[in-house]
Every structure is written in C-alpha cells, then in structure tokens.
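Undergrad: coords below, sequence missing:
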C-alpha cells in the first residue's frame, strides 16, 4: 500500500494569522469609507462602551483617533500591542448595468489590516 504524501502548507498562507488573537491587547477599528465621510467604530480593551465617530476622509485624523483610543485603553491597564482595522467600502457598479441591477443595494467590500504598535 502506498502512503499518501502529507500536504505541505503554502509558504505565504495569508489566510491564517501567525500570532494568536489577544482581545486584551488588540484595539479593533472598523472604518466604513465614503467620499464625504468615514464612520469609525472601535472595540477598546478595558472600555465598556463601543465608540462611534464620524470623520472627514483624512488618514491623519483616523490615526489620531486610533491613537486616542489606544491611550484610553492603556489608562485602564491594557497594553495595546496591535491595532486591527477593517475597511468597508461600497462597491462601484458600472453604468452599463441594467436598470434593475442598479436598483439593488451594493454589497460592501472589505479588507482587514493589522498594524503592529511599536
């Protein structure tokens, strides 16, 4: 009988994180993007509320907000080692679609990003 070869995992398997998720050391931000504004929701370790903030589309303002939330978590005794951000944006539908298709709500496209805090 032949033994089956053990399948090797791909070298760049980006579907799995190499470090386990630590909810006490990870600040989570979900950013809904639009042309006019960004809606940012956060899950902050040690903070009971889940803040919701509307921002102008500006990367610097987003970074300031995430930094402020990081400081808020550290005041409660949670050292933030990582920031996980998920970006949601409505898909753009081509003009060539039929009238019926353009009346359907667009589905969000998302991308998750991990930011290592130094």
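TA: Yes, it's here. These numbers were taken from a predicted model, which means no experiment stands behind them.
Undergrad: tell me if residue 71 really is in a helix.
TA: Yes. Using DSSP: H, G, I helix; E, B strand; the rest coil, the assignment for residue 71 is a helix.
Undergrad: so it versus residue 78, what's the distance?
TA: 11 Å (C-beta to C-beta, to the nearest Å). Yep, even glycine has a C-beta here, placed from its N, CA and C like the rest.
Undergrad: with neighbour numbers in mind, choose between those two.
TA: Neighbour totals were compared for residue 71 and residue 78, and residue 78 leads with 20 against 10 (other C-beta atoms under 10 Å).
Undergrad: so that one versus residue 61, what's the distance?
TA: 23 Å.
Undergrad: walking through this protein, point out its helices one by one.
TA: 59-75, 99-103 (DSSP state H).
Undergrad: quick one: mean pLDDT for the longest one?
TA: Read that as helix 59-75. Per-residue pLDDT over helix 59-75 has a mean of 95.
Undergrad: which helices and strands does it pack with?
TA: strand 26-33, strand 38-43, strand 52-55, strand 82-90 (3 or more C-beta pairs under 8 Å, 6 or more residues apart in numbering; DSSP states H and E).
Undergrad: possible to save those strands as a markdown table with mean pLDDT, mean neighbour count and distance to residue 67?
TA: What follows is those, written out as a markdown table (pLDDT from 0 to 100; neighbours: other C-beta atoms under 10 Å; distance: least, C-beta to C-beta, whole Å):
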| stretch | mean pLDDT | mean neighbour count | distance to residue 67 |
| --- | --- | --- | --- |
| strand 26-33 | 93 | 20 | 10 |
| strand 38-43 | 94 | 19 | 12 |
| strand 52-55 | 95 | 13 | 13 |
| strand 82-90 | 86 | 16 | 9 |
